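[1] Show me the folded form of this:
(chains A and B)
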Amino acid sequence: MSIQIVPKAFPVLMHLRGEGLDEVLASLGTSNLDIFQYRFVANGQFVAKLGNEEIFVCVEQPLDISEEKKQYAFQRGDAIFELSGDWKGLMAEVCIYDFRQTQPGDFLMVLIAGVSAWLLIPEEGAPLVLGCDPTYGHYFYETLVRQLEVSPFLKMECQDDD
Amino acid sequence: MKLRLGPQPLEWIDRNVSVTFDFEGKRVTGFEGDVVTSALWAEGWKVLGRSFKYHRRRGLMSFANHDINALFQTAEMPNVRGDVTPAKNGLSLTAVNTFGSLENDKGALVEWIAKFLPVGFYYRAFYSPKFLFPKWERLIREMAGLGKINTNWSEERQPKRYRHCDVAIIGAGASGMAAAIQAAKQGVDVCLIDENPFIGGSLDYQFANQRSQSLNRQYLKETVASLPNIQVITSAYVAGYYGDHWLAVNTDQGLIKLSAQSVVVATGVFEQPAVFRNNDLPGVMNASAAQRLMARYAVAPCNAGVVLTANHEGYRAALDMHENGLIVKAILDTGKTEGVWVDEAKKAGIVVYEQVTPIEALGSREVEGFIFGLNGMEHRLDCDGILMSVGWAPAGAPLYQAGAKFGYEPEVQQLIPVSLPDGVFACGRVNGVYVMEDRIKDGEQAGLAAALHVKGDAIPEWKDFRDGVAHSHPYPIWQHPKGKEFVDFDEDIQVKDLKGAIAQGFDNIELMKRFSTIGMGPSQGKHSNMNGIRMLAKLTGKTIDETGSTTARPMFHPTPVSHLAGMRFRPERVTPMQLFHEEAKACFMEAGNWLRPEYYPTEATREDSIKAEVSAVRNAVGLVDVSTLGKLEIFGRDAAELMDRLYTMRMSNMAIGASRYALMVDDAGVLIDDGVAVRFSDEHFYVTTTTSTSDSAYRMIQKKVIEWNLMVTVLNRTGQIGAMNVAGPNSRKVLSKLTAFGLSNDNFPYLASRQAKLAGVDVTMIRVGFVGELGYEIHVDASNALMVWDAIMNAGKEFGIKPFGVEAQRLLRLEKGHIIVGQDTDGLTNPFEANMSWAVHFKKPYFLGKPSLMKLKQMQTRTLVGFELLSDAEKDQPLESNLLIEGKEMVGRVTSIGQSDTLKKVIGLAMVSTEYSAEGQELNIKLSDGRLVKAKVVKTPFYDPEGWLQKSNEGSGEAA
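    Numbering: from 1, shown residues only, chains lettered A, B, ... in the order given. As a prediction, this is how the structure comes out:
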């Protein structure tokens, strides 16, 4: 199965910390989300719960939060990619994690090619969405593409829709 | 094809596809599936190489992936192993370790002086006279070694990959396959690894012609293929076992780092040669080598051979020869073996002599005959091959590396594992189990146990399937008065060599190994260690267990360095303004894992470009990318408390909207970081760190938050926020074009922080600077940073704006006397030494490092000072780290230095002994070439000492 990596852009990516974030989750229709789980809400947008007082959201509009209510929101500009095909094959070359442990819907944070990254574990056959600090984005993408090109372990196919 | 046999039931070759390659300039034809050795042997090439020391002719011996006698050289690759390297069209091979050619090797002259070259001779021969040593060294280097390395190599890095399974099984012979099946049936993921291209192991060569095993073979192979949770990795060997059941699995494609929860070692055994005179003649080989040759490649080991045996496996080899129409002159049994194969051999009419003593192989170039003793008489048999089947040694490297203990089991005359680490299991012949049905049962119980271990279930009681029959001769070594009985074929070690080593006191297994070099050649003792141990035990009167064995370290087989190196991951960060920097053709430098513009080449030379950047900042306006600074958001109920504890200055009394210099020391009082702290609200701070410490500071702060049990959240936002500093007398004018926010001193005083719109987006502006001019540090979400940068550059055109890089920034800050943590400080520098006592607030009840600093304040012995160079700067400019010398004493070192065009002098910072720190003190700087130049201690800052320029003529101190 060929592997394709495609950079993605999301309009609003936010990291929310603080109290009362369950209301925010509820407003997005994801009130029963477990920690380290994510859910797509619409059009590829997603919400991930990272802790009792921490969520990570990719939505169209900034969310309504307030510092007075002890809520803090930080915009993020992560470099995000979509990896389709045998993404586990590629991950096996750049990441030590045992993906047998994951289930669709898991939000995973791992080290990939030396860079901290987050992953949305997809349903079988669906593409993997993964992101990292934007300052590593260029390196991250180039490294994954190079790995696809040079690895004798992998079937090569790479698409760049920039 | 002189020795090619008719079709074999399990052969690996494809007779429909021929391959042709060159060996020693002659054309060789084989079949697809042949390895180099089998193709050569089939063509009648019996001399495949020359021995390491004496350059004796050598042929095929073990044919088991460690055949030292069959190493070849290509233009690109030394030491190509002929027993496993596929024969391919276009290959061009020569033998290694020859002077001339394989046939006419001048190195063979060494054998004439062999008596002057006893074991370990080089330890004693060349140290005196000393002046001759270089000549000896050159000679030894020329003579030693095997293949020739192509020194015009280029970097090669082979990708590595990770793999995970529940149970890893090393070895896919009968017991390994049985283990895999049994484990897989328990529902766990299994990896079955074998170094051969096909699974089957000895079932497919030792039992290839044994019809009774076809059902076992069919069941095992078909079941392995049918179970989806068994992943078979062939042509791959486990190069090393590491902690927590990590295996380094080497393949042609690269290294696989395999993680398992339990491991079954079913690696089998290495056949050990008999040691008798001329046992190295081409044509003398292990019986299992002959069986592999026949079964896999359909090549006869010889036309008429004898089989020297001490076990029933030798009889099976004789039967294989017989069934292939080859002549078995006799089976020479060193004892009186019993068993089915013995009966079959006798029934087939093969002559069997029992209780024989091997004496000598005959032949000059290759085997022509064999002399053996029987009933006190010497007998001779003419033959062109001698098959040896006298014993086995466990292929126990993974077990040894896992921490297993081996003990000698006299019943089977073999070392067997007697204790295994948790989660490691052994089965089959490595475990001393030889009968095929028992090997399968042993594998099944190992596989079951490994799976149960994974599940955390109880493991049933372990059954012993050893058959109680010795498959190894207890001492297969027969010394001959004329010598040439080789124990180690890698290093040409004979019986007399080991005897000599032991007689000289090297009578410990490790000492004997190092003195004699037994087991230190390319095969790493796979064919020689066991006989060495047997000899040492006998000659010292110890048991095998008392004698012990050497350590089996990785790598199990020679593994390419490119595979071990793997693909290098070297994370590299770029700032949001990278596109601008690239378009401006900035010259980049590495700062940690960041790529930063060192300077922008706007002028003819690097120096002129930097000067132009400095001039722009001093006289107009400059813009520098400081996105690499660490940026931490600290918020929560105890944020102010945390800030007070982390930094030497009091932070809890900062007004909202103020900024303050933030100095951090460690528990020992050593200065580790500095930056700027901004207070956004009562419970929300924003702190910068130096470029190199952002991650370590973040980790340390997180740890302290937990230790101190504070209600605080710390986020590392370094990569999410871009930052830039607009500096210079025109900086306010530039920014005024981009914001409606009032930038006057009243509205936005020095050291204040403001959140405002700039170029249409939300930014945080801080009125600080590093370079001593009116300046604004602008922090903005990374996604908007480039847009803001471009807007400032456009707005600044009319004011002469220039981007400036790290080098200009370093010079500018030096003029201002600001330190760089890590450059002007070292691993011991405290704030007092750095003249920063003003940044240490002892009135606070506690902060990190306070107890140490209170002591260090009284113990100061060195001080960071500014200096001016007194001599001709063009010729004599010192470098950073040049030493300061007084008399013969070192009294300090230069930490920073630069030619200041602004000040028209060379200025610098130096850490000096306090007694040399007074203003006006002359210093001697020792240049790299040893000369001394004079400098003078001066007051800092060098530039704008009152700070009027950066404060824009307002009063000092922070305001909100």
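
[2] So is the longest helix anywhere in chain A next to chain B?
    Using DSSP state H to define each element, chain A has its longest helix at helix A:137-150. Yes: remark: helix A:137-150 sits within contact range of chain B at A:138, A:139, A:143, A:147, A:150, by Cβ under 8 Å from any Cβ of the partner chain. Quick note: C-beta positions are derived from backbone N, CA and C, even for glycine.

[3] Can you tell me which of those has the most neighbours?
    Counting neighbours by other Cβ atoms under 10 Å in any protein chain shown, residue A:147 leads these with 24 neighbours.

[4] and the gap between that residue and residue B:788?
    According to Cβ to Cβ, to the nearest Å, residue A:147 stands 34 Å off from residue B:788.

[5] And for residue A:148?
    35 Å.

[6] Please apply the same query to residue A:64.
    Look at residue A:64 and residue B:788: by Cβ to Cβ, they are 26 Å apart.

[7] Neighbour count: those two, which is higher?
    Counting neighbours by other Cβ under 10 Å for residue A:64 and for residue B:788 shows that residue B:788 has the greater number, 23 against 10.

[8] so where does the more buried one fall, helix or strand?
    Residue B:788 is part of helix B:782-796, with elements assigned from DSSP states H and E.

[9] So what touches that helix?
    Here helix B:782-796 makes contact (Cβ atoms under 8 Å, 6 or more residues apart in numbering or on different chains) with A:75, A:77, A:134-135, B:575-577, B:579-580, B:621, B:623, B:625, B:627, B:719-724, B:726, B:730, B:734-735, B:737-738, B:758-759, B:761, B:763, B:778, B:780, B:801, B:803.

[10] In helices, which of the residues you listed fall?
    Short answer: those in helices (DSSP H) are B:579, B:580, B:734, B:735.

[11] contacting residues around residue A:44?
    A:8, A:10, A:58, A:129.

[12] Please name the bridge partners of the first one.
    Translated: residue A:8. Beta bridges link residue A:8 to residue A:80, judged by DSSP bridges.

[13] neighbours around it, how many?
    Using other Cβ under 10 Å, residue A:8 has 16 neighbouring residues.

[14] confidence score at it?
    Looking at residue A:8, its pLDDT reads 91.

[15] Just name the shakiest helix or strand of the chain by mean pLDDT.
    Going with chain A. helix A:21-27 (a mean of 87; mean pLDDT, DSSP states H and E).

[16] look at chain B instead
    Among the helices and strands of chain B (confidence taken as mean pLDDT, DSSP H and E), helix B:873-876 ranks last, showing a mean of 71.

[17] three-state assignment of the residue of chain A positioned farthest from its centre?
    Of all residues in chain A, residue A:68 has its C-alpha farthest from the mean position, at 29.3 Å, by Cα atoms, centre = their mean. Secondary structure for residue A:68, judged by DSSP: H, G, I helix; E, B strand; the rest coil, is helix.

[18] Report the separation between it and chain B.
    From residue A:68 across to chain B, the span is 9 Å (Cβ to the nearest Cβ, to the nearest Å).

[19] can you tell me which residues contact that residue?
    Residues near residue A:68 by Cβ under 8 Å, 6+ apart: none.

[20] Recalculate using a threshold of 10 Å.
    residue B:681 (Cβ atoms under 10 Å, 6 or more residues apart in numbering or on different chains).

[21] Same check on residue B:394?
    B:265, B:267-270, B:400, B:406, B:414-417, B:426, B:428-432, B:530, B:552.

[22] could you redo the last one with a cut-off of 6 Å?
    For residue B:394, the contact set (Cβ atoms under 6 Å, 6 or more residues apart in numbering or on different chains) comprises B:269, B:415, B:430.

[23] From residue B:312, how far off is the second one?
    Spelled out, that is residue B:415. Residue B:415 is 20 Å from residue B:312, by Cβ to Cβ.

[24] same check, this time on the last one
    Shown here: residue B:430 relative to residue B:312, a distance of 19 Å by Cβ to Cβ.

[25] So these two - more neighbours on which side?
    Neighbour count, other Cβ under 10 Å: between residue B:430 and residue B:312, residue B:430 has more, with 32 against 22.

[26] Looks to me like that one is in a helix.
    Yes: under three-state DSSP, residue B:430 sits within a helix.

[27] What's opposite the nearest residue to it once chain neighbours are set aside in the beta bridge?
    Nearest in space to residue B:430, with sequence neighbours left out and distances taken as Cβ to Cβ, 6 or more residues apart in numbering or on different chains, is residue B:394 at 4.5 Å. Using DSSP bridges, the beta-bridge partners of residue B:394 come out as residue B:269.

[28] Residue B:394 and chain A, how far apart?
    Look at residue B:394 and chain A: by Cβ to the nearest Cβ, they are 31 Å apart.

[29] before we move on, what about residue B:866?
    35 Å.

[30] hey, where'd the helices end up in the stretch 551-700 of chain B?
    Here the stretch 551-700 of chain B has its helices, by DSSP state H, counting those that start in this stretch, at B:561-565, B:578-583, B:606-619, B:639-646, B:694-708.

[31] Show me the one of those that comes nearest chain A.
    Nearest to chain A, of all these, is helix B:578-583, at 7.3 Å by Cβ to the nearest Cβ.

[32] I figured residue B:22 hits residue B:89, correct?
    No: when contacts are counted by Cβ atoms under 6 Å, residue B:22 is not listed as touching residue B:89 (10.4 Å).

[33] which one of those two has more residues nearby?
    More crowded of residue B:22 and residue B:89, by other Cβ under 10 Å: residue B:22, with 13 against 10.

[34] Can you classify that one as helix, strand or coil?
    Look at residue B:22: counting by three-state DSSP, its state is strand.

[35] Which strand residues bridge it?
    residue B:27, residue B:92.

[36] Could you pick out the residues of chain A near chain B for me?
    A:17, A:72, A:75-77, A:92-93, A:96, A:98, A:100, A:113-115, A:133-136, A:138-139, A:151-153 (Cβ under 6 Å from any Cβ of the partner chain).

[37] make it 7 Å
    A:17, A:67, A:72, A:74-77, A:92-93, A:96, A:98, A:100, A:113-115, A:133-136, A:138-139, A:143, A:147, A:150-153 (Cβ under 7 Å from any Cβ of the partner chain).

[38] Please check the residues you listed and keep the buried ones.
    Neighbour counting over the residues of chain A next to chain B (16 or more other Cβ atoms under 10 Å in any protein chain shown) leaves A:17, A:72, A:74-77, A:92-93, A:113-115, A:133-136, A:139, A:143, A:147, A:151, A:153 as the buried ones.

[39] hmm, who's touching stretch B:863-878?
    Residues outside stretch B:863-878 that contact it (Cβ atoms under 7 Å, 6 or more residues apart in numbering or on different chains): B:817, B:819, B:824, B:833-835, B:894, B:897, B:899, B:905-912, B:914, B:917, B:923, B:925, B:927, B:933-940, B:942.

[40] again, 8 Å this time
    Here stretch B:863-878 makes contact (Cβ under 8 Å, 6+ apart) with B:817, B:819, B:824-825, B:829, B:833-835, B:894-895, B:897, B:899, B:905-912, B:914, B:917, B:922-923, B:925, B:927, B:931, B:933-942.
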